[in-house]
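Participant: Any chance you can model this:
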Amino acid sequence: MLESVALAAHGQAELWAALHKDAAFHLAACERHCLIALALSADDDVAAHLLLKKVKLARIVARRALPPDVARLDSRVAYRLGGQQAGEVRLCRPPAVECGGVDVAGLLGAGLIGLAAGQSVLWPGSDGRLATLEVLSVR
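Facilitator: Okay, here's the model as predicted:
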């Protein structure tokens, strides 16, 4: 059973990567290894596989070269998912409740990390359906 869940998550991540192979994701070099470690230890197989794909596709730059409007660890990100009302979260390492934010290795956090203000991607919602995840602002 667990193998079939892992295979399904891997398949979703492969499909997502194919759809977004030309997207401009940016990650700080100092956060890359942290994000990989968090993905490898994450409880959510889908989020973990998607985060690993995002790290693989991202342009890795020095933290000081990261554009200021790109979501990174400890950023506050205003976003909209699937046309719903906008929300704002802080991207945190687990356990995210300690910083009052969302876990960057969880589904929403993995979707937001590396995106710039104004950028959008297709991303699975909590119901598993793909929806547009749009970053409205980063601070």
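Participant: tell me the SS of G114?
Facilitator: For G114, the assignment made with DSSP: H, G, I helix; E, B strand; the rest coil gives coil.
Participant: and the nearest residue to it once chain neighbours are set aside, how many residues sit next to it?
Facilitator: Residue nearest to G114 in three dimensions, not counting chain neighbours: F25, with 4.0 Å by CB to CB, 6 or more residues apart in numbering. Glycine gets a C-beta too; all of them are placed from N, C-alpha and C. Look at F25: counted by other CB atoms under 10 Å, it has 21 neighbours.
Participant: repeat for L50
Facilitator: Neighbour tally, L50, other CB under 10 Å: 24.
Participant: follow-up on the earlier one: I'd say the residue nearest to G114 and K54 touch.
Facilitator: Yes - counting by CB atoms under 8 Å, K54 is a contact partner of F25 at 5.7 Å.
Participant: okay, and the common contacts of the two?
Facilitator: Residues touching both F25 and K54 (CB atoms under 8 Å, 6 or more residues apart in numbering): G114.
Participant: Which parts of this protein are strands?
Facilitator: 26-28, 59-61, 76-81, 87-92, 102-103, 120-124, 130-138 (DSSP state E).
Participant: Just put these in CSV and tack on mean neighbour count, mean pLDDT and distance to V70.
Facilitator: Below are the strands of the chain laid out as CSV (neighbours: other CB atoms under 10 Å; pLDDT from 0 to 100; distance: least, CB to CB, whole Å):
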stretch, mean neighbour count, mean pLDDT, distance to V70
strand 26-28, 21, 97, 5
strand 59-61, 14, 96, 9
strand 76-81, 19, 97, 10
strand 87-92, 18, 96, 11
strand 102-103, 22, 93, 17
strand 120-124, 19, 92, 13
strand 130-138, 18, 96, 6
